[in-house]
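Participant: model the structure of this input:
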Amino acid sequence: KEKTASKKANTVLMNCRHLKPTVLSYICMFLGLGWMITVPLILIALPLIWKFSKVLFTILSSIVLLSAVYTADRRYQPSWGYRIGDWMMRNVGSYFQFIIEFEDVKAIEEAGPAIFVMEPHGVLPVTIFWGSLNLIASQKLVCCLSSTMFKLPLMKHFLTWCGATNADKGNIIYYLQSGYSVNICAGGVQEIRYWGND
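Facilitator: The predicted structure is shown next:
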């Protein structure tokens, strides 16, 4: 008689498939990526803002300037920033209708510092953010993004608070040596160019 191995059920750590996007989902999506449009618009509009409200001009230009010069290094971020990041990630779950499951969650729990390679990149590499939700207590994770994402004021800080860091080799080595695991999308930004070519 041929023995048939029964497939072990995957461990589901988060399931947002049944959730519908809310207003908060869209706000959190904007806080993560909307700065690519908003910051340039603010800079373009500053002369007009100066004409109508010098107070608003001072506030907006100060915020953008402070974010531009202040480092996005994870070691120097305020604790409240990470609380904002956690709130954002939990709310975008319904936007993307995340389902996070593992074939062998025990292997990940016992892995220690590791490199998790994922695909595809897609327009947004949402898969690599699973670690920032702190779903596995034994794993401290950071998700690695193109260093270009950390050039834009405001966006670089919100991404950092959501658990991101730049994908430079030296930075990855630093986190691995510090006991962190890193999430990397193997195809990187270049992979986006292949969309629609099949």
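Participant: mind checking the SS state of A111?
Facilitator: Of the three states, A111 takes coil under DSSP: H, G, I helix; E, B strand; the rest coil.
Participant: the closest residue to L135 other than its chain neighbours: neighbouring residues, count only.
Facilitator: Take L135 and drop its neighbours on the chain: the residue closest to it by C-beta to C-beta, 6 or more residues apart in numbering is L13, 4.3 Å away. Where you see a C-beta, it was placed from the backbone N, CA and C, and this is true even at glycine. By other C-beta atoms under 10 Å, 16 other residues sit near L13.
Participant: confirm that L13 sits in a helix.
Facilitator: No: applying three-state DSSP, one finds L13 to be strand, outside a helix.
Participant: ok, G179 to W87 distance?
Facilitator: G179 sits 25 Å away from W87, going by C-beta to C-beta, to the nearest Å.
Participant: what about L56, distance to V39?
Facilitator: 16 Å.
Participant: which one's more surrounded, those two?
Facilitator: V39 (18 against 12).
Participant: now that one: which helix or strand?
Facilitator: helix 35-52 (DSSP states H and E).
Participant: show me the contact partners of whichever helix or strand comes after that helix.
Facilitator: Under the assignment DSSP H and E, the closest C-terminal helix or strand after helix 35-52 is helix 54-69. Helix 54-69 has contacts (C-beta atoms under 8 Å, 6 or more residues apart in numbering) with V39, I42, L43, L46, I49, W50, P153, L154, K156, H157.
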